[in-house]
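Novice: what's the 3D shape of this:
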Amino acid sequence: MMLHFTYGTGVLNLPSAVLSHINRAGKRELRVLLALAAKLPADDATLAAAVSDATGLSPAEVDSAIAFWRGTGVLLTEESAQATAPAPQPARAERKPLPDKGLPSYSTDELSRVLESRREFASLVDACQQTFGKIFNAAEVGIIAGMVDYLGVDGEYVLLLLSHCVRMEKKSLRYAEKTAISLYDEGVTDAAALEERLNRIELLNTAVGQIRTMFGVGSRALSTKEKRMVEQWVCVMQYGMDVLQLAYEATVDAIHEPSFAYANTILERWHAAGYRTTEDVERALAEYRRAKAGGSSFDVDDFFEAALKKTYGEQ
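Specialist: Residues are numbered from 1 along each chain as shown. All right, here's what the predicted structure looks like:
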């Protein structure tokens, strides 16, 4: 049976990423998401009230649902969107065709002419050699020339990339060449964008080793799904190892074994509930335990309580 939408006089646009979280979203979260997609006439001060009127939910329930979608990354505040937006890229010059094996090679005579005619290039090569702590051979100098001539990047970009290679303990011009081409293909072509990307790569690289040890992964490689989870925890949610350790401990307490998937659920709920530090988590847990011990109702919004119940295994 074929089904067709009847659009009438309007449509709602939603990010495809919603599908990744729809199984965890409740009716309240979905109603609020649809209301937001309808672009209700409201300013920042009246948005919650407008959504509340449209959905029949209380303002507190609307705020809770918005927190859920912010936690998943589907929604961003204007300030967050500006902070996470990619840096504007300069217009690319028409790209020269590259050989299958990488950047074009230069003969010794060609490199000599480049070094003699372009003083700034000779200075760049000297700076690159100092960064790597070695004298380059002709093929390595050719890679530097190829980055500048064929990829159109400047000296600052090249030096940032080579410094990254040193920090990653990959002091190879071939590795630098491969990385430069990959980044160029992704549109990372200026020094500011490169610095941001390399910081992310290095942060993630450090975190992966610590998380592998924490979860007792051993020698096996992380799965693609696990790598995506770790990147979300470290680079998107921006959690430190102390919060990740709490999530790990909560996971083991709840299901008696390490689990990336279970820890990911915990961290997503903490993030959606606004917990950013160990102090946030521990304060919320202490308040929750006091309320339960006293037999009183837990005077916070429903989503907050649900997050804690899910985290600590109270279904």
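Novice: could you point out which element follows the helix or strand containing residue 143?
Specialist: For residue 143, the host element (DSSP states H and E) is helix 138-150. Moving toward the C-terminus from helix 138-150, the next helix or strand (DSSP H and E) is helix 155-167.
Novice: ok, and for the helix or strand following that following helix, which residues are buried?
Specialist: As assigned by DSSP H and E, the chain's next helix or strand after helix 155-167 is helix 173-185. Buried residues in helix 173-185, counting neighbours by 16 or more other C-beta atoms under 10 Å, are found at 173, 176, 177, 179, 180, 181, 183, 184. C-beta coordinates here come from the backbone N, C-alpha and C atoms, glycine included.
Novice: so what pLDDT did residue 269 get?
Specialist: pLDDT for residue 269: 88.
Novice: what about it, how many neighbours?
Specialist: 22 (other C-beta atoms under 10 Å).
Novice: ditto for residue 190
Specialist: Residues lying near residue 190 (other C-beta under 10 Å) number 17.
Novice: that one against residue 157, yeah?
Specialist: Yes - at 6.9 Å, residue 190 counts as touching residue 157 under the criterion of C-beta atoms under 8 Å.
Novice: wouldn't residue 166 be in contact with residue 132 here?
Specialist: Yes - with contact defined as C-beta under 8 Å, residue 166 reaches residue 132; the gap is 6.8 Å.
Novice: out of these two, which sits in the more crowded spot?
Specialist: Higher neighbour count among residue 166 and residue 132: residue 132, with 17 against 13, using other C-beta under 10 Å.
Novice: grab the nearest non-local neighbour of the more buried one.
Specialist: Spatial nearest neighbour of residue 132, excluding adjacent residues (C-beta to C-beta, 6 or more residues apart in numbering): residue 171 at 5.4 Å.
Novice: so which elements touch the longest helix seen in the chain?
Specialist: Longest helix of the chain, by residue count under DSSP state H: helix 191-214. Secondary-structure packing of helix 191-214 (3 or more C-beta pairs under 8 Å, 6 or more residues apart in numbering; DSSP states H and E): helix 155-167, helix 224-231, helix 241-255.
Novice: which one of the ones you listed lies closest to residue 22?
Specialist: Checking these against residue 22 by C-beta to C-beta gives helix 224-231 as the closest, at 17.4 Å.
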